[in-house]
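sequence unknown, structure follows:
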């Protein structure tokens with residue numbers, strides 16, 4: 001393949017080399033302006049008053065509460081969406097049924113709907129003036145402006161990620177090995193855990209990583225349903241906004257740097273999973 005590329009007309013010409021370096025330079029400048037410069041700005045601003053001021057932000061009770069709430073939400077949402085994604089992908093890729101196309105379209109719905117609109121919908125359904133608001137109040141159940149609302153909103157905006165990674169992968173792999181296992185006497189659960197799941201494990205891990213990253217960084221839907229109750233219903237992205245509005249620039253960027261580190265770690269894990277997945281094929 002490399003020899004074929006080198007033998008193409010114009011490969012070693014001056015114009016070809018010039019165009020190649022121009023395109024590479026444009027790409028690097030674009031990445032520097034949109035990715036590297038903002039990353040440097042976040043950490044430089046967070047550390048502007050020294051490491052002690054930076055670490056002091058994470059001793060604040062409201063910041064610790066935001067961290068706990070973010071981790072709690074992700075710990076509930078990611079496993080739930082993993083189970084849903086596996087079930088949906090298995091159902092769509094392995095079976096034919098009426099309404100399959102409509103079901104597939106519904107999975108893509110959160111990607112088409114604005115997160116803010118999704119949050120408003122949940123307020124209309126579970127809010128005090130919503131469809132179930134009166135019943136929930138009579139039974140002393142809080143969903144909006146409480147942890148359940150944050151979990152539901154986050155679950156809605158993140159549930160396509162695992163399913164969308166697994167559906168095309170399962171469809172590409174086909175049903176031959178599953179049918180062979182069933183022919184040899186394996187049951188449905190054994191076929192799933194011994195045949196299907198090992199084949200799609202890297203795609204599953206990849207989907208879980210993306211789902212977790214979105215769950216921790218979600219702002220729009222959570223902002224609507226949380227009520228911005230400081231120390232109670234503020235996740236890390238919402239806490240960054242509050243600190244910034246209070247002109248606590250160092251605090252806002254310090255918390256933002258934590259989210260940035262989580263994003264970088266997610267990208268590193270994502271890259272490692274992709275490489276391991278390609279090697280395993």
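Done, it's in. On a predicted model such as this, the values are computed, not experimentally measured, just so you know.

so which helix or strand takes in residue 237?
Remark: residue 237 resides in helix 236-245, with elements defined by DSSP states H and E.

Could you check the angle the next helix or strand after that helix makes with helix 236-245?
Scanning the chain past helix 236-245 towards its C-terminal end, the next helix or strand to appear is helix 249-280 (assignment: DSSP H and E). Between the axes of helix 249-280 and helix 236-245, defined by axes from the mean of the first three to the mean of the last three CA atoms, to 10 degrees, the angle is 150 degrees.

on that earlier part again, show me what the helix holding residue 237 is packed up against.
Packed against helix 236-245, as judged by 3 or more CB pairs under 8 Å, 6 or more residues apart in numbering; DSSP states H and E, are the following elements: helix 61-94, helix 220-226, helix 249-280. The way it works is simple: take the backbone N, C-alpha and C, and place the C-beta from them, glycine included.

quick one: contacts of that helix?
Contacts made with helix 236-245 from outside it, assessed by CB atoms under 8 Å, 6 or more residues apart in numbering, are listed as 62-63, 66-67, 70, 216-219, 222-223, 226, 228, 230, 234, 251-252, 255-256, 258-259.

related to what we said a few turns ago, now render the helices and strands packed on helix 236-245 as JSON lines, adding mean neighbour count, distance to residue 155 and mean pLDDT.
Rendered in JSON lines, the data for the helices and strands packed on helix 236-245 read as follows (neighbours: other CB atoms under 10 Å; distance: least, CB to CB, whole Å; pLDDT from 0 to 100):
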{"stretch": "helix 61-94", "mean neighbour count": "19", "distance to residue 155": "5", "mean pLDDT": "92"}
{"stretch": "helix 220-226", "mean neighbour count": "23", "distance to residue 155": "10", "mean pLDDT": "91"}
{"stretch": "helix 249-280", "mean neighbour count": "16", "distance to residue 155": "19", "mean pLDDT": "80"}
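
Can you check which of these gets nearest to residue 30?
In terms of CB to CB, the element of these nearest to residue 30 is helix 249-280, at 17.2 Å.

what's the angle from that closest one to helix 61-94?
Here the directions of helix 249-280 and helix 61-94 differ by 30 degrees (the same axes, to 10 degrees).

Work out the gap between stretch 47-55 and the centre of the chain.
With CA atoms, centre = their mean, to the nearest Å as the basis, stretch 47-55 stands 29 Å off its chain's centre.

in that stretch, what counts as buried?
For stretch 47-55, the neighbour count (16 or more other CB atoms under 10 Å) marks residue 54 as buried.

and the end-to-end length of it?
According to CA to CA, to the nearest Å, stretch 47-55 extends 9 Å from its N-terminal end residue to its C-terminal end residue.

ok so, going back, let me see the mean pLDDT of the helix holding residue 237.
Taken as a whole, helix 236-245 has an average pLDDT of 92.

Only the buried residues of it, if you could.
Residues of helix 236-245 classed as buried by neighbour count (16+ other CB under 10 Å): 236, 237, 238, 239, 240, 241, 242, 243.

Run the chain-centre distance for it.
Taking CA atoms, centre = their mean, one finds the center of helix 236-245 at 20 Å from the center of the full chain.

May I see the buried residues of helix 236-245 arranged in a markdown table, with distance to residue 51 as well?
Supplementary listing: the buried residues of helix 236-245 in a markdown table, determined by distance: CB to CB, whole Å:
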| residue | distance to residue 51 |
| --- | --- |
| 236 | 20 |
| 237 | 24 |
| 238 | 25 |
| 239 | 20 |
| 240 | 20 |
| 241 | 24 |
| 242 | 23 |
| 243 | 18 |
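
Turn the helices and strands packed on helix 236-245 into a markdown table, including distance to residue 54.
Shown next, in a markdown table, are the helices and strands packed on helix 236-245 (distance: least, CB to CB, whole Å):
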| stretch | distance to residue 54 |
| --- | --- |
| helix 61-94 | 12 |
| helix 220-226 | 25 |
| helix 249-280 | 5 |
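
Which among those is found nearest to residue 167?
Residue 167 lies closest, by CB to CB, to one member of the helices and strands packed on helix 236-245: helix 61-94, at 4.7 Å.

can you list the residues that contact whichever helix or strand comes after that closest one?
Using DSSP H and E, the helix or strand that directly follows helix 61-94 along the chain is helix 100-107. Outside of helix 100-107, the residues within contact range by CB under 8 Å, 6+ apart are 88, 91, 92, 159, 160, 163, 164, 167.

Show me what the helix or strand harbouring residue 172 is packed against.
With elements delineated by DSSP H and E, residue 172 resides in helix 160-173, which encompasses its position. Other helices and strands packing on helix 160-173, by 3+ CB pairs under 8 Å, 6+ apart, are helix 61-94, helix 100-107, helix 109-112, helix 201-217.
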